[in-house]
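J.: Could you look at this predicted model? Sequence included:
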Amino acid sequence: MLIDTHCHISDIEFDPDRDAVIEAAIAAGVKKMIVIGTGLASSQRAIILAEQYPFIWATVGLHPHDAKECDDNLLTTFREMAAHAKVVAIGEMGFDLFYNHSSLEMQRHAFIEQIRLAKEKQLPLVIHTRDAWPETFDLFEKEDIATHAKNVGVVLHCFTGDKEIAKRAIDFGCYLSFSGIVTFKKAFDLQAAAISVDINKVLLETDAPYLAPQGKRGKRNEPAYVALVAKKLAELRNMPFDVLCETTTRNAERLFHLNT
């Protein structure tokens, strides 16, 4: 069994064929999925979708691109949504200094507020970091992320760092979630990181509809393709595919309490 721990199949891009996409995922061995919120509307859609399927869960959060939208009203709404039985984490949140759609200060404010909400609700954090490792680790220190990681859980989604960054993230207690990027032919540093980390801290994701794996590049990504990520990781780590699937599934179930 496989779990896609990070996808966006509640997005309107999947409206024409969402049921078929879900059926294809199940046929590929993907038995559980977590649909990610990146703002108010997407978080609401994620919960609605999760209510329809016993094997789908949701998160609520504000992506760093839209950090400028973070205010007391939004945070109050997220607090209410976080109490929903199908909400298993807060995020995705974090820093994205590649695009800078919101200023660094806006991103930091939104990040801190969501960290504190996750602590209040005792929910895992789903973190997005791009071109911002120093800023991320600095905030981890200031907000004592290590304690939350130990007691509740933290995942760095779509991890793209090298071995040194991976080690530092693991030292904080984070899980690392690997996407289709790890299958890319020139992703040498990321592949080395994927080999180096404790398998009990590894998760799988697609980030669908983005980042389709090698062999599917240029196409819309789907949860079914998480099997290709698993296959590549098993090859890199020289371990049986079934064992990698079982271990990463157990990791996801432990982190997100997917007990259905």
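T.: Cool, got the structure.
J.: need the contact list for K167.
T.: S196, V197 (Cβ atoms under 8 Å, 6 or more residues apart in numbering). Quick note: C-beta positions are derived from backbone N, CA and C, even for glycine.
J.: Give the buried residues for the helix or strand hosting it.
T.: Using DSSP states H and E, K167 sits in helix 163-171. Neighbour counts over helix 163-171 (16 or more other Cβ atoms under 10 Å) mark I165, A166, A169, I170 as buried.
J.: Quick check: nearest residue in space to the first one, chain neighbours excluded?
T.: Of all residues not flanking I165 in the chain, W133 sits nearest, at 5.6 Å (Cβ to Cβ, 6 or more residues apart in numbering).
J.: Now the terminal residues of stretch 189-203, how far apart.
T.: 18 Å (Cα to Cα, to the nearest Å).
J.: Report the buried residues of that stretch.
T.: Going by neighbour count (16+ other Cβ under 10 Å), the buried part of stretch 189-203 is L190, Q191, A193, A194, V197, K201, V202, L203.
J.: ok, back up a step: the helix holding K167: how far from the chain's middle?
T.: Centroid separation for helix 163-171 versus its chain: 17 Å, with Cα atoms, centre = their mean, to the nearest Å.
J.: same deal with stretch 230-246?
T.: In terms of Cα atoms, centre = their mean, the centre of stretch 230-246 is found 20 Å from the chain centre.
J.: Do a quick rundown of the strands in the stretch 51-200 of the chain.
T.: For the stretch 51-200 of the chain, strands defined by DSSP state E, counting those that start in this stretch occupy the ranges 56-60, 87-96, 125-130, 154-156, 175-178.
J.: strands paired with the first one, and their directions?
T.: For strand 56-60, the paired strands and their directions (DSSP bridges) read strand 30-35 (parallel), strand 87-96 (parallel).
J.: orientation of it relative to strand 125-130 in degrees?
T.: Relative orientation of strand 56-60 versus strand 125-130 (axes from the mean of the first three to the mean of the last three Cα atoms, to 10 degrees): 70 degrees.
J.: Which parts of the stretch 151-260 of the chain are helices?
T.: Secondary structure of the stretch 151-260 of the chain by DSSP state H, counting those that start in this stretch: the helices cover 163-171, 188-196, 226-237, 241-256.
J.: one step back: just the closest of the buried residues of helix 163-171 to I115, please.
T.: A169 (15.5 Å; Cβ to Cβ).
J.: and the closest one, how far is that from T249?
T.: Separation of A169 from T249 (Cβ to Cβ, to the nearest Å) stands at 21 Å.
J.: do V155 as well
T.: Computed as Cβ to Cβ, the V155 to T249 distance reads 14 Å.
J.: Ok, D66 next?
T.: To T249, D66 is 31 Å away according to Cβ to Cβ.
J.: Between those two, tell me which one has more neighbours.
T.: The neighbour comparison of D66 against T249 (other Cβ atoms under 10 Å) goes to T249, with 21 against 18.
J.: for the one residue sitting closest to the centre of the chain, what are its contacts?
T.: Nearest residue to the geometric centre of the chain (Cα atoms, centre = their mean): H157, 3.8 Å. Contact analysis of H157 by Cβ under 8 Å, 6+ apart lists T5, H6, I36, G91, E92, V126, I127, H128, S177, S179, E205, D207.
J.: Return the closest of the residues you listed with respect to R18.
T.: Checking the contacts of H157 one by one against R18 (Cβ to Cβ), the nearest turns out to be I36, at 15.1 Å.
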